[in-house]
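Predicted model and sequence below, questions to follow.
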Amino acid sequence: MNVTRTFSNWRKYRQTVTELGRMTPRELADVGVEPGNIRSFARTASGL
């Protein structure tokens, strides 16, 4: 169960990083994320 949850969280992290990485700095600012903080934000959002 723990391995499944960890893998699921990792997939959420990667998906979030990918989606935010496609956004322009202006779009990121609109949602309150700085370009340099994408990974940190994704880590928090995915539960890692």
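Looks like it arrived, so ask away.

Run through who's touching the helix or strand where residue 8 lies.
For residue 8, the host element (DSSP states H and E) is helix 2-21. If you take C-beta atoms under 8 Å, 6 or more residues apart in numbering as the criterion, helix 2-21 is touched by 28, 33, 38, 39, 41, 42, 43, 45, 46, 47, 48. To be clear about C-beta, it is placed using only N, CA and C from the backbone, and glycine gets the same treatment.

Which of these are buried? Put it as a ChimeraX command.
Applying 16 or more other C-beta atoms under 10 Å to those leaves a buried subset, and the ChimeraX line that selects it is:
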select :28,33,38,41,42,45,46
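
Of all pairs in the contacts of helix 2-21, which one is the farthest apart?
Greatest spatial distance among these (C-beta to C-beta): 28 and 47, at 21.1 Å.

Name the residue closest to the centre of the chain, please.
residue 42 (2.3 Å; C-alpha atoms, centre = their mean).

Quick check: chain neighbours aside, which residue is closest to that residue?
Of all residues not flanking residue 42 in the chain, residue 16 sits nearest, at 3.8 Å (C-beta to C-beta, 6 or more residues apart in numbering).

Residues touching stretch 22-32, excluding its own?
Residues from elsewhere that reach stretch 22-32 (C-beta under 8 Å, 6+ apart): 20, 34, 35, 38.
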